[in-house]
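Q: Quick one: sequence plus predicted model below, questions after.
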Amino acid sequence: MKNLKFILVLVLLTLGFSSCSSDNDDNILVINPLEEYNLISKIEDNGHHIELYAENQDFIIGYNEIMIRIKDEVTGEYFSNPTISWIPMMHMMNMKHSAPKSNLSIMKENNTISKGFLVFQMASNSEEFWDITFNYKIDGKEYVTTQVIDVKAPKDKRQQVTSFLGNDETKYVLAMVSPKTPEVTINDFKAVLFKMEDMMTFSVVKDFKVGIDPRMPGMGNHSSPNNKDLTYDETTKCYIGKLSLTMTGYWKINMTLFNEVGELIKGEALTEEQESSSLYFELEF
Amino acid sequence: MTIIKCAHKVFTLPMAWCQPTIKWLTQWFVILGMTNITAQELILPQDSIITVNLDEVILISARKTLDYHRQAKPLSTLEEYLESSKKVTMVKRGAYAWEPSLNNMFSERLSITIDGMKIFGACTDKMDPITSYVEVSNLAKAYVASGQQGAKHGSTIGGAIDLQLEKSDFRDTGLQGGVETGFESNNEMNVWGVNLDYSRSNFYIDADLSYRKAENYSAGGGEEVAFSQFEKFNVAINSGYKLNEHQSLAASIIFDDARDVGYPALPMDVSMAQGVITSIGFEQDSLFGSLFNWNSKLYFNTITHIMDDTNRPDVPIHMDMPGWSDTYGFFSEVRSHIKKHSFLFKLDGYYNKSLAEMTMYPNVPEELPMFMLTWPDVRTVNVGFYVEDEIGLKGSTLKVATRLALQNQDVADEFGLNSLRIFYPEMQKSKTRFLKSISGQWHKMWMPWHLNVGLSYGDRAPSVSEGYGFYLFNSFDNHDYIGDPELANEKSMEVNAKISWKKEKFKLSAEANFFHIPDYIIGEVDPNLSVMTIGAEGVKVYKNLEYANLFNTSLEMEYIPFSQFKWTSLLSYHRAVDQHKENLPFISPFSYRSSLTYNKGSLSGTIGMTGAGKQVHYNSKFGEDQTKAFTVFSLSLGKTFNFNNDLMYTKIGMENIFDKKYSTYSDWKNIPRMGRNFFVTVSYAIN
């Protein structure tokens, strides 16, 4: 009987310790939620530090997923649940235009981080530059700040965004979201499609379809099996499909864009003579 | 040893079924003795020794027996020796590393072993059948067993070839050595061989070293076949030690290294093919109970195979294709005699790693190289148990044998697994198969008639290429091949029969076998798939056919008009179709060979003829076209000289005497065979 009690105590103690230690683990996780990302821009204005994080080292042409945190310059504390909106702007020689973007939304995992994406169609150069204007509200007070950023071409110079005039005389921007690190397998293939309403306004295009035909121009235009065309997904507001890559190297993903009634908007289906489409992405790995 | 054994067997057998006269028996004994001592040339038809089996034994080494005249062409390649077998033919992709086929079935349907050891080539394009990793100087004999009779060393459909290593085997011969050299005119091949053996009744060590180098050969008519050169170096050491009267240890190592091997029929050559084959064995006279001749072995071999296209002009894309194959294995076998039964029990297992990759370098220099795994590091574990029982019945012998094996294949490389999942998204990483074989072979004789009948069932797992190959280019039918890990086991139902009539001076035998093979594995075009290899016509995926039927038959004759002359002839016919009566590829047309040999004292000579009829049944879907009929002739002359105690043997000969330009049904892309060739070999044995 005594032994049994002793065991019972022992069991309870162990349970207690183990639950304590798991609490500690959670705390550790919260310390730096953006550790694996790169701080690509930092704006110091209005007594705040606005930090922009991304997977890449820089802003690059194409789809950029960006995470934002705002810190109090004095206390060093990050603000919870800030309301932020952003406007990217390209300042060209004699005109300016914006870029496709998403809204910024607070991440579920951490309410100091807002997440969204921007799609840059071109790089900055000596005469032409990009900036982002942030309008944000903290503790009921509104602030504005603008920061010039440097948008670079991706290191491999491969095309992962394309803006074009469709057969319906509408301008579109199509940008590849994933695979970010392509592999020799069936990759999840994701893209965003925007319609250019005017120089400043881009709207998400729904219910179009993107036929895909990945090819290796260096291998006699070798193709791969079991690809799945891109179709619109309402929850993510993205086009989702599957992309098979049978080997590493340079791949050209030829595409054909169809509208909701199946009319060809852009691109050419490949044949013996037609070796590539005018609508394409490139991947190299 | 074999002679005594066979004599015993033949002596006891007729005793069992009737009361034959002593005269008959002695007569038969004498004939047998003669065949063993003198008459056989290259091939010893084993059925006169072990009555129930239809095995063939190809004698390769004459070193220990000094029977040099038995060899038609000493120092020829192992492939040439094997080709002299009745059932073996060779697929040629050049002058080197021919792929043996047995009953018109190739590597994946055969069990090919070296002293019972499993070895797997490392080339995805079958440029290195395992017979290419040994030299004739390493070997004593090759056992060729047809169909399920070859199940002793592994699961098979077509049969087995076991190459037996040459060993001094505790013969009390002291120190012996020899030097051999040979030259062939057609491809300027030089061969050098040195061997040194020391053998005592309790210890032996044998070492041999050989080197051969050949330039391009010329086809009949004198046209040079570019990229047919090769160079090969081989060294082997065998050793044994008797722990006591009943127990002994043996160890062997073979190092084989071929460089700069041209494959004129293929788009690529080989810069290096290297094999290291090692083993340790233990033998004990008796185990427990009635078990005896306990023989066990542990072995390891590793193969590295590097393909190379840097010497080829106009390659569409330069590529590197290395492959590796490592095998670890063991077996343990023991015999037993219980009344009329003589049993053999064998437990064996192996673990093989097969990995091959391909890197292609784009013509646009700034593009990254293209990489794929063509064999995704497949790990095969196979454990099998084999039992055979030879039963002396009244007036006949029955042999029943069975093999049960468990095989697991696992794709160890994540990259490779993901690659294959492009084709088979649901594919499992690992797959286990159960393999089985059962066979019965019955022999009866009514002097001078012999009848052998056999019935068997067996199956095999798909090979690494058939199961897991990823864009393997076959230049013969110009298709890329993709494996299918979910293929069903290929099964074989086989029936064979042989009837022989044997008298002292005349032997005649007719033999046939029929294989019904459900789930026959072969590549079928998938029109939806896009080719990988530049210039390929399409992509084939390995599939199970509903079934295929293969039929082989041969007629053999031997006539000894005078004791020094022997005339042998062989005719054979083969046919194979699938369930739609479509021809299977690589099936021999009607073929024939005949030779007349002379043997007296130190002098020997041979005139030979070999040929085939026009290929009637072929399949253009597999890249075949009609191969024309041909006949070629050869002759050779040998003489033995004695110097004191030493022995020198020379042989000269001429092959393809009339310089005929020809190719056979099994020559890859109709690559022509060698034209007229003179050879000379000199062997000097120091006793």
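A: Structure received. Computed from a prediction, not measured in an experiment: that's the story for all the values here. Residues are numbered from 1 along each chain as shown, chains lettered A, B, ... in the order given.

Q: Tell me, how many residues neighbour B:E166?
A: B:E166: 22 surrounding residues under other Cβ atoms under 10 Å in any protein chain shown. In this view, the C-beta of every residue, glycine as well, is placed from N, C-alpha and C.

Q: Nearest residue to it in space, ignoring adjacent ones along the chain?
A: Nearest-residue entry for B:E166: B:A140, 4.2 Å, with adjacent residues in sequence omitted and distances by Cβ to Cβ, 6 or more residues apart in numbering or on different chains.

Q: Okay, and the one you found sits in which element?
A: Element membership of B:A140 [criterion: DSSP states H and E] is strand B:139-146.

Q: can you give me how far the following helix or strand past that strand is from the chain middle?
A: Beyond strand B:139-146 on the C-terminal side, the first helix or strand identified by DSSP H and E is strand B:159-165. Per Cα atoms, centre = their mean, to the nearest Å, the displacement of strand B:159-165 from the mean C-alpha position of its chain is 6 Å.

Q: Same check on stretch B:363-374?
A: What separates the centre of stretch B:363-374 from the centre of its chain is 37 Å, taken as Cα atoms, centre = their mean.

Q: Quick one: end-to-end distance for it.
A: Taking Cα to Cα, to the nearest Å, stretch B:363-374 runs 21 Å from one end to the other.

Q: Likewise for stretch B:455-468?
A: Between the opening and closing residues of stretch B:455-468 there is a gap of 32 Å (Cα to Cα).

Q: How about residues contacting the strand holding B:A140?
A: By Cβ atoms under 8 Å, 6 or more residues apart in numbering or on different chains, the residues outside strand B:139-146 that reach it are B:46, B:53-61, B:64, B:78, B:81-82, B:85, B:87-88, B:102-103, B:152, B:158-167, B:496, B:513.

Q: my guess is B:V383 contacts B:Y351, does it?
A: No. B:V383 lies out of contact with B:Y351 (Cβ atoms under 8 Å); the separation is 9.6 Å.

Q: Bridge partners for the residue most central in space within chain A, pull those for me.
A: Among the residues of chain A, the smallest C-alpha distance to the mean C-alpha position (Cα atoms, centre = their mean) belongs to A:E65, namely 3.2 Å. As for beta bridges, A:E65 partners with A:F117 under DSSP bridges.

Q: Tell me which residue is most central in chain B.
A: Taking Cα atoms, centre = their mean as the criterion, B:I161 is the residue nearest the geometric centre of chain B, at 4.4 Å.

Q: So it is in contact with B:L82, correct?
A: Yes. Taking contact to mean Cβ under 8 Å, the distance of 7.1 Å between B:I161 and B:L82 places them in contact.

Q: shared neighbours of these two, anything?
A: When contacts are counted by Cβ under 8 Å, 6+ apart, B:I161 and B:L82 are jointly contacted by B:V88, B:P100, B:T131, B:A142, B:V144.

Q: Please list all residues in contact with B:V261.
A: Applying Cβ under 8 Å, 6+ apart, the residues near B:V261 are B:G94, B:Y96, B:A97, B:M127, B:Q229, B:F230, B:E231, B:K232, B:D269, B:V270, B:A273.

Q: just B:G289 next, same as before
A: With Cβ under 8 Å, 6+ apart as the criterion, the residues that contact B:G289 are B:S336.

Q: how close does it get to B:E333?
A: 16 Å (Cβ to Cβ, to the nearest Å).

Q: returning to what we had before: which among the contacts of strand B:139-146 count as buried?
A: By neighbour count, with 16 or more other Cβ atoms under 10 Å in any protein chain shown, those hold B:46, B:53-61, B:64, B:78, B:81-82, B:85, B:87-88, B:102-103, B:152, B:158-167, B:496, B:513 as buried.

Q: of all the shared contacts of B:I161 and B:L82, which two lie farthest apart?
A: The span of the shared contacts of B:I161 and B:L82, defined through Cβ to Cβ, is set by B:T131 and B:V144 at 11.8 Å.

Q: list residues touching both of the two?
A: Where contact means Cβ under 8 Å, 6+ apart, the residues bridging B:T131 and B:V144 through contact with each are B:L82, B:I161.

Q: neighbours around the closest residue to A:M122 other than its chain neighbours, how many?
A: Closest residue to A:M122 in three dimensions, ignoring its sequence neighbours and counting by Cβ to Cβ, 6+ apart: A:I61, at 6.5 Å. Here the number of neighbours of A:I61 (other Cβ under 10 Å) works out to 21.

Q: now the helices: where do they sit in chain A?
A: With DSSP state H, the ranges of helices along chain A come out as A:2-30.

Q: So what are the structural domains in it, by residue number?
A: Chain A resolves into domains spanning A:38-152, A:161-284 when parsed by automatic domain parsing.

Q: ok, the longest one near chain B or not?
A: Yes. Judged by Cβ under 8 Å from any Cβ of the partner chain, domain A:161-284 comes into contact with chain B at A:183-186, A:216, A:218-226, A:244-250, A:284.

Q: List buried residues within these.
A: Restricting the residues of domain A:161-284 next to chain B to buried positions leaves A:184-186, A:216, A:218-224, A:244-250, A:284, with burial counted as 16+ other Cβ under 10 Å.

Q: Return the set of buried residues in the longest strand along chain A.
A: With DSSP state E setting the assignment, residue counts place strand A:186-198 as the longest strand in chain A. Buried residues in strand A:186-198, defined by neighbour count with 16+ other Cβ under 10 Å: A:I186, A:N187, A:F189, A:K190, A:A191, A:V192, A:L193, A:F194, A:K195, A:M196.
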